[in-house]
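Provide a 3D model corresponding to the input given below.
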Amino acid sequence: KRGGWECCLPELRNALSRARGRRRMPKEKKQYLRELIGRARGGSARPASKASRMLGFSPTALYFLILENDWWLCSVLATFVYGLPILVFALISLPLNFESETEEAEIDYNGRSPSQAALAFRFAAANVITMGFGSVFPTSDWGFCLATFSQLCGIFINVFVIAAILAKFQSPKGDIVFSKQMCVFTRDAVKHLAVRLGNLRCHTLYNPSIKLMFQGLHETLEGESFVKIQELAVDVPGTVSGVYTITHKIDASSPLFGIEREDLGRVAMHFQVIFTALDPVYQAEVCARATYGSSQIEFGSRFKDMMTLSKEGRPVLDFTFFEALVSEAEAAGLQMESSEAPPRHATARICLVHGYGRASYGDTLLDAGLPRSELWPSCAFSIAVEMVLVESGEEDYETFRSDLGEKAAWLKEVNAKEETPVCRLAGAE
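Next up is the predicted model:
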């Protein structure tokens, strides 16, 4: 406008619009795209859709839709595939005359003959589902022609539905599950990233392939930023039967080297686990994957051992511990929580309640985001009472821990002031 060009703007817009209207895709490119689509779909060319990988509705797309989804969706689709033709043929056959083999019996039991709509529906359902005449049959040539056509449709529908059901039963289902969280823990003085993989069928899968991919923001020397995908090194077993913990050593060669707890909220990180293995039952590969974000990483914990012993002394894999995590302090046998409440009734032993504290309670402000540390004796009076017991030669006593920062619920029952030490003599209530 400052240069006096505002009068030319409408003409420029019109010229650009005309230029865009004349812009067309060359015929060679169109033909090549048609060939690509035809190659992918067995020669049937259709326009591609951005919203779905299915390029259009077809029996093939419906077939794979059934295989890839749950049984409830398959049941809904099967009901629709049967119900729509039955409804259409029932409406077409309403003007026809029918004979019913059960008419006399229905008059005896119900006091009336079936309606024309009921006869048309029975006629259509029997021809489509059973591919033959049922108890209702037409009395005209046009009716027999309609019956023959509906039986042909029933043949195609039954073949499709039965083939899809058999294929779905035969498709490999590995029942592979992944833990909801990843964890970072220390092993042999080196941090490790771990995720748990479970095979619910507990049969042996052969020749497994495990890939752990890391996606993080990367900035080049030239100032370009993009999401860089890197594969993290993991150990792959020869077979997988029940449970396997996928671990990645965070050493100097790892892209995660130097990662700390405070980095999780500051740096966006995404992980993807891809698992494939040969299932000897299906004689095919089973595939599974899982994705994780920064909020799904637990620092300072590792997965709990799932191996337990049955009453007969046999090792058992307990899947109730599949998601269970234990802190490194608990794994090392450190005291992390208050002990169980002392017995409420009189005992033959002296009971002494100690006061314990922590170096860090995990408070964001007071402890600068440090994790909760283990419990240590912090009540000098409790220690003094125990020293008196030891020096007097008293050995038959029992001690109990109470966190003074996060006091145990039972402490108020033992002492109304919730203070330590608390001592109950042998035989006293």
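
isn't Ser135 right next to Glu99, touching?
No: contact criterion Cβ atoms under 8 Å: Ser135 and Glu99 do not qualify, at 9.4 Å. C-betas here are computed from N, CA, C, even on glycine.

So if I had to pick from the two, which one is more boxed in?
Ser135 (16 against 11; other Cβ atoms under 10 Å).

can you map out the helices along the protein?
Along the chain, the stretches classed as helices by DSSP state H are 9-22, 27-40, 59-68, 71-92, 103-110, 116-129, 141-170, 328-331, 380-391, 411-414.

hey, which of those helices is tucked in deepest?
helix 116-129 (a mean of 21; mean count of other Cβ atoms under 10 Å).

Point out where the stretch 201-350 of the chain drops to low pLDDT.
Applying pLDDT under 70 to the stretch 201-350 of the chain flags the ranges 265, 328-336.

That should have said the stretch 51-200 of the chain, apologies.
For the stretch 51-200 of the chain, the ranges with pLDDT under 70 are 51-60, 171-174.

quick one on the thing from earlier: which among the helices of the chain is found nearest to His248?
Taking Cβ to Cβ, helix 328-331 is the member of the helices of the chain nearest to His248, at 17.2 Å.

Please identify the longest strand in the protein, counting by residues.
Ranked by residue count and defined by DSSP state E, the top strand of the chain is strand 205-219.

so what does that strand touch, helix or strand wise?
Taking 3 or more Cβ pairs under 8 Å, 6 or more residues apart in numbering; DSSP states H and E as contact, the helices and strands that strand 205-219 lies on are strand 190-199, strand 225-232, strand 239-240, strand 243-249, strand 269-279.

Within the sheet, what are the partner strands of that strand, with directions?
strand 225-232 (antiparallel), strand 239-240 (antiparallel), strand 269-279 (antiparallel) (DSSP bridges).

starting at the chain centroid, how far to the second one?
Strand 239-240 sits 21 Å away from the centroid of its parent chain (Cα atoms, centre = their mean, to the nearest Å).

Pull the residues that contact that strand.
Strand 239-240 has contacts (Cβ atoms under 8 Å, 6 or more residues apart in numbering) with 197, 199, 204-206, 208, 277.

Show the buried residues in the residues you listed.
Buried positions within the contacts of strand 239-240, assessed by neighbour count (16 or more other Cβ atoms under 10 Å), are 197, 199, 204-205, 208, 277.

Tell me how far Thr247 lies from His192.
Note on Thr247: its distance to His192, by Cβ to Cβ, to the nearest Å, is 5 Å.

So for those two, which residue has more residues nearby?
Neighbour comparison, Thr247 and His192: the larger count goes to Thr247, with 21 against 18 (by other Cβ under 10 Å).

any idea how far Phe271 is from the more buried one?
Relative to Phe271, Thr247 is positioned 13 Å away (Cβ to Cβ).

if we can go back for a sec, mind putting the strands paired with strand 205-219 into TSV with distance to Pro255?
Converted to TSV, the strands paired with strand 205-219 look like this (distance: least, Cβ to Cβ, whole Å):
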stretch	distance to Pro255
strand 225-232	5
strand 239-240	26
strand 269-279	10
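
related to what we said a few turns ago, which positions within the longest strand of the chain qualify as buried?
The neighbour-count check on strand 205-219 (16+ other Cβ under 10 Å) flags 205, 208, 210, 212, 214-216 as buried.

Distance of Gln179 relative to Ile92?
Just so we're on the same page, residue 179 is Ser rather than Gln. Look at Ser179 and Ile92: by Cβ to Cβ, they are 56 Å apart.

okay if I get the helices and strands packed on strand 205-219 as TSV plus distance to Leu325?
Formatted as TSV, the helices and strands packed on strand 205-219 follow (distance: least, Cβ to Cβ, whole Å):
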stretch	distance to Leu325
strand 190-199	10
strand 225-232	20
strand 239-240	21
strand 243-249	12
strand 269-279	17
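
Tell me which of the ones you listed approaches Glu68 most closely.
strand 269-279 (16.9 Å).

Need the CA coordinates for the closest one. CSV is fine.
Output in CSV follows, covering the C-alpha atoms of strand 269-279 (Å, rounded to 0.1, in the frame of the first residue of the first chain):
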residue,chain,number,x,y,z
MET,A,269,11.8,-39.3,25.7
HIS,A,270,9.9,-42.1,24.1
PHE,A,271,10.7,-45.8,23.9
GLN,A,272,9.3,-48.6,21.7
VAL,A,273,9.8,-52.3,22.3
ILE,A,274,9.3,-54.7,19.4
PHE,A,275,9.1,-58.5,19.9
THR,A,276,8.9,-61.3,17.4
ALA,A,277,9.4,-65.0,17.8
LEU,A,278,8.5,-68.3,16.2
ASP,A,279,5.5,-70.0,17.7
